[in-house]
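Undergrad: sequence-free structure coming up:
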C-alpha cells in the first residue's frame, strides 16, 4: 500500500511538471505572437521617419504629421461619442428593465432641515404669506383621571381609612364597596 501511494504521488508530480512545461512554452509562443503583431502594426501605421534636408521639406513633413494627428483625434472623438451614446442607451435599457420588473431605483435623498413655514413658502412661492403654527390648531384635552389617581384621592388620610376598616364593620364595608 505504501509503494502504490508513492507511485501515485510520483506520477502526479511528473504530470504536474509536464503541464507546467507545456504552459511555459504556450506563454512563450503567445508573447512572441504579440511581439510580431506589434511590429506589424507599427510597420503598417508608423512608417520610418526620414528627416529631409531642406526647410521646405521639413515644413511639408510637419503638415503631413499634423494632418495625421487631426485624423487620429477625429477618430478618437468619434469613438468617445459612440461610447457615450452606448452608455446612455445602456442606462435607458436598464431603466426600462427595472420598470418592467416593477422595481424602481430610488435616487439617494439628502436630509433637509426645513421648517413647515419654509416648506410652504418653497412650495407655494414667495407671493403666499402662510404662517403655519401647528400648536395653535391643537385642541385642549382635559387629562382623565386614571384609576390609581382616583384611589389615591379617595383614600385621603390613611389613618382614618385604617380605623374605619378595623373590626368586623370595616371588613363588611370593604366587601360591600368592592362588589
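TA: That came through fine. Just so we're clear, the structure is a prediction, and the values are computed from it rather than from any experiment.
Undergrad: Just the pLDDT at residue 176, thanks.
TA: You'll see residue 176 listed with a pLDDT of 66.
Undergrad: how about the helices in the protein?
TA: Secondary structure of the chain, counting by DSSP state H: helices at 2-45, 55-101, 116-124, 147-155, 158-165, 167-178.
Undergrad: I'd like those as a markdown table, with distance to residue 110 appended.
TA: All C-beta spots, glycine's among them, are computed from the backbone N, C-alpha and C. Converted to a markdown table, those look like this (distance: least, C-beta to C-beta, whole Å):
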| stretch | distance to residue 110 |
| --- | --- |
| helix 2-45 | 50 |
| helix 55-101 | 22 |
| helix 116-124 | 15 |
| helix 147-155 | 47 |
| helix 158-165 | 60 |
| helix 167-178 | 61 |
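Undergrad: If we ignore the residues flanking it in sequence, what's nearest residue 58?
TA: Closest residue to residue 58 apart from its sequence neighbours, by C-beta to C-beta, 6 or more residues apart in numbering: residue 52 at 5.7 Å.
Undergrad: Wait, that neighbour touches residue 61, no?
TA: Yes: using C-beta atoms under 8 Å, residue 52 is in contact with residue 61, at 6.2 Å.
Undergrad: can the helices of the chain go into CSV with extra columns for mean neighbour count and distance to residue 107?
TA: Output for the helices of the chain, formatted as CSV (neighbours: other C-beta atoms under 10 Å; distance: least, C-beta to C-beta, whole Å):
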stretch, mean neighbour count, distance to residue 107
helix 2-45, 10, 45
helix 55-101, 10, 12
helix 116-124, 13, 19
helix 147-155, 9, 52
helix 158-165, 11, 66
helix 167-178, 10, 64
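Undergrad: quick one on the thing from earlier: next one: the residue nearest to residue 58 from residue 69, what distance?
TA: 19 Å (C-beta to C-beta, to the nearest Å).
Undergrad: what do you get for residue 79?
TA: Taken as C-beta to C-beta, the span from residue 79 to residue 69 is 16 Å.
Undergrad: same thing with residue 43?
TA: Following C-beta to C-beta, the distance that separates residue 43 from residue 69 is 20 Å.
Undergrad: Ok, residue 9 next?
TA: 62 Å.
Undergrad: ok, now which ones touch residue 46?
TA: Residues counted as contacts of residue 46 (C-beta atoms under 8 Å, 6 or more residues apart in numbering): none.
Undergrad: For it, give me the backbone phi and psi.
TA: With angles defined as degrees, to the nearest 10, residue 46 sits at phi -130, psi 80.
Undergrad: just residue 53 next, same as before
TA: phi -90, psi -40.
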